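Asks: Here is my input; please provide its structure:
(chains A and B)
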Amino acid sequence: MLQITGLRTPLIGPMDLTVAAGECVAILGPSGSGKSLLLRAIADLDPGEGTVRLGDRDRNGMPAPDWRRLVGLVPAESGWWADRVADHFLPGPDVAPLLEAVGLPEALGWEVARLSTGERQRLALARALAVGPQALLLDEPTAALDADATTRVERLIAERRADGVPVLLVTHDPAQARRLATCCFSMEHGRLRPAEAEA
Amino acid sequence: MTGYIPLSTIDLALGSVFLLLNAGFSIAFRLGLARQLVVASARMIVQLLMVGLVLKTVFALASPWVTLLVAAAMVGFAGREIWVRQERRLAGAWGFGVGAMPMLLAGALITVFALTNQIRPEPWWSPRFALPLFGMILGNTMTGVSLGLDTLHATLHRERRAIEAQLLLGRTSLQAAAPFLRRALRSGFTPIINAMAATGVVALPGMMTGQILSGVDPQQAVRYQLLIMFLIGGATGLGVLGAVALSIRRLTDARHRLRLDRLTAADG
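Replies: Model prediction:
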């Protein structure tokens, strides 16, 4: 269970939010309302106050790199720091099935510069999942994807939820929120309000 | 070997004939450079004459405090120059300090070391030795530090996604920034490495030329030049290393975040 209490940064909050194990909470709202900032604040990427707990582990009581391995944040725009895709993955048994699951089984041999936006997005998700996070913070995970790739990614998210992973999903798409989420919030001016996905 | 040959004002005036000829060409061919040439020449003449006057006074006073004051002013100018040469710099007083402090420490340490161990004038802080030496070391360290910091800040800004992607996968801020730190250090070291490699082959270094012209034995002049290059290389290295290390400390924090909010663009 992901439990957020009194989380605030200079730009957003304070916010309280609980995502139960295996639950998917969707956050809708206009661009610039602070949806991505909320995910960044949870992952401790921006300075802020408040407590975030995953199960019995407290963010503020552990080193930030360890915390970030627990809560897999996948930003809307992915970052790449080496020329080859393979250099962005730690070699391990989990990598091949993940690449298979996002529909890019051959990608390890590719060059980052030649990836399409959608391929980058799917590989960034696979890269985050390969670390084995116990919560998922997804920022527009299917924004650049076609219908087939979207289905693959949504299936992957559902599989993680079945394993008890809480998922916080930022999306523009109310239909996707309806398909995936158990509950919906809308973000306006840095505050969360309960919302209907039907909007 | 003849001794030192003094120059008269008429010698200088005659020497500038070819520069004036260039200004004439510029007007004849409408290059539009005449004005810039004249302004730059005038600035140079005034600045150097003033420096000559100041140095003569400082040498005559032979006071450690006046010497220290001049050295401090030099650090101030050099620190400002480092600040100006960065397109993105640390916000607030850090913007000045992150370049000036390491430059000051490295430059002062190495100048004092050379004055007390190798050159050993009497007294060791004698302005005739201390100020030119400090100036040469400071000038080169300044170039290295400003290049290193400019590269670091520009790269961190451009590669923020790549760095934060690594942070999100559980890497430490030092691991994530390491390739970009290396790039900044390389850029800060490059001028001094190039200078050492080309020295003596392409042109004789200015100080050595000056010593030879004033009648010093070329082999002695070479020894002096080598000492200076060692000192400059050492000070530049320490200064660049210190400045880049200080800046990356400021641009990350204990929670391994990238703190680009502490960086401002030069225009802003």
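
Asks: only C-alpha atoms for contact and neighbour calcs from this point on.
Replies: Fine.

Asks: Any figure for the gap between the residue most central in space within chain B and residue B:149?
Replies: With distances taken as Cα atoms, centre = their mean, the residue of chain B nearest its centroid is residue B:139 (2.4 Å). The gap separating residue B:139 from residue B:149 is 16 Å, by Cα to Cα, to the nearest Å.

Asks: Then residue A:31?
Replies: Distance of residue A:31 to residue B:149, given as Cα to Cα: 34 Å.

Asks: okay, those two: which has more neighbours?
Replies: More crowded of residue A:31 and residue B:149, by other Cα atoms under 10 Å in any protein chain shown: residue B:149, with 33 against 11.

Asks: next one: the helix or strand where residue B:264 lies to chain centre, how far?
Replies: Assigned by DSSP states H and E, residue B:264 falls within strand B:263-265. The chain centre lies 23 Å from the centre of strand B:263-265; the measure is Cα atoms, centre = their mean, to the nearest Å.

Asks: Next, the contact list for residue B:76, please.
Replies: By Cα atoms under 8 Å, 6 or more residues apart in numbering or on different chains, the contact list for residue B:76 reads residue B:100.

Asks: Please disregard the earlier target; I meant residue B:222.
Replies: Counting by Cα under 8 Å, 6+ apart, residue B:222 makes contact with residue B:208.

Asks: Quick one: name the residues of the stretch 51-200 of chain B near chain A.
Replies: B:160-165, B:167-172 (Cα under 8 Å from any Cα of the partner chain).

Asks: could those residues go into CSV alongside pLDDT?
Replies: Below are these laid out as CSV (pLDDT from 0 to 100):
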residue, pLDDT
B:160, 96
B:161, 96
B:162, 97
B:163, 97
B:164, 97
B:165, 97
B:167, 97
B:168, 97
B:169, 96
B:170, 95
B:171, 96
B:172, 97
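
Asks: which among these end up buried?
Replies: Neighbour-count burial (16 or more other Cα atoms under 10 Å in any protein chain shown) applied to those gives B:160-165, B:167-172.

Asks: Torsion angles phi and psi at the residue nearest to residue A:163 when sequence neighbours are not counted?
Replies: Leaving aside its sequence neighbours, residue A:163 sits nearest to residue A:22 (Cα to Cα, 6 or more residues apart in numbering or on different chains; 6.8 Å). Main-chain dihedrals, residue A:22, degrees, to the nearest 10: phi 80, psi 0.

Asks: For chain B, see how far away residue A:22 is.
Replies: Distance, residue A:22 to chain B, by Cα to the nearest Cα, to the nearest Å: 22 Å.

Asks: what ranges do the helices span in chain A?
Replies: All helices of chain A, identified by DSSP state H, fall at A:35-42, A:64-70, A:95-101, A:117-130, A:147-162, A:174-180.

Asks: How about the stretch 51-200 of chain B?
Replies: Ranges of helices in the stretch 51-200 of chain B, per DSSP state H, counting those that start in this stretch, are B:64-84, B:94-114, B:127-158, B:160-168, B:173-198.

Asks: for those, which one sits closest to residue A:161?
Replies: With Cα to Cα, the closest approach to residue A:161 among these belongs to helix B:160-168: 20.4 Å.

Asks: what is the orientation angle of that closest one with helix B:127-158?
Replies: Angle, helix B:160-168 to helix B:127-158, by axes from the mean of the first three to the mean of the last three Cα atoms, to 10 degrees: 80 degrees.

Asks: between helix B:160-168 and helix B:173-198, how big is the angle?
Replies: Using the same axes, to 10 degrees, helix B:160-168 lies at 130 degrees relative to helix B:173-198.

Asks: Residues contacting helix B:160-168, please?
Replies: Here helix B:160-168 has contacts from A:43, A:65, A:68-69, A:72-73, A:77-81, B:156, B:173, B:176-177, B:256-258, using Cα under 8 Å, 6+ apart.

Asks: Give me the below-cutoff pLDDT ranges for chain A.
Replies: Applying pLDDT under 70 to chain A flags the ranges A:197-199.

Asks: Skipping its backbone neighbours, what lies nearest residue B:134 in space?
Replies: Of all residues beyond its chain neighbours, the one nearest residue B:134 is residue B:111 (5.8 Å), with distances taken as Cα to Cα, 6+ apart.

Asks: Contacts only, for the one you found.
Replies: Contact partners of residue B:111, counting by Cα under 8 Å, 6+ apart, are B:130, B:133-134, B:137, B:231.

Asks: that older thread, so which of the buried ones among the residues of the stretch 51-200 of chain B next to chain A is the closest to residue A:14?
Replies: Relative to residue A:14, and with distances defined as Cα to Cα, the nearest of these is residue B:168, at 22.9 Å.

Asks: average model confidence for stretch B:3-20?
Replies: The average pLDDT for stretch B:3-20 rounds to 91.

Asks: which residue is nearest the centroid of chain A?
Replies: residue A:138 (2.0 Å).

Asks: Now do the same contact list for that residue.
Replies: By Cα under 8 Å, 6+ apart, the contact set of residue A:138 is A:39, A:73-76, A:167-170.

Asks: cool, residue A:95 as well?
Replies: By Cα under 8 Å, 6+ apart, the neighbours of residue A:95 are A:89, A:126-127, A:130.

Asks: Tabulate the helices of chain A in JSON lines, adding columns for distance to residue A:195.
Replies: Formatted as JSON lines, those follow (distance: least, Cα to Cα, whole Å):
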{"stretch": "helix A:35-42", "distance to residue A:195": "14"}
{"stretch": "helix A:64-70", "distance to residue A:195": "28"}
{"stretch": "helix A:95-101", "distance to residue A:195": "31"}
{"stretch": "helix A:117-130", "distance to residue A:195": "27"}
{"stretch": "helix A:147-162", "distance to residue A:195": "21"}
{"stretch": "helix A:174-180", "distance to residue A:195": "11"}
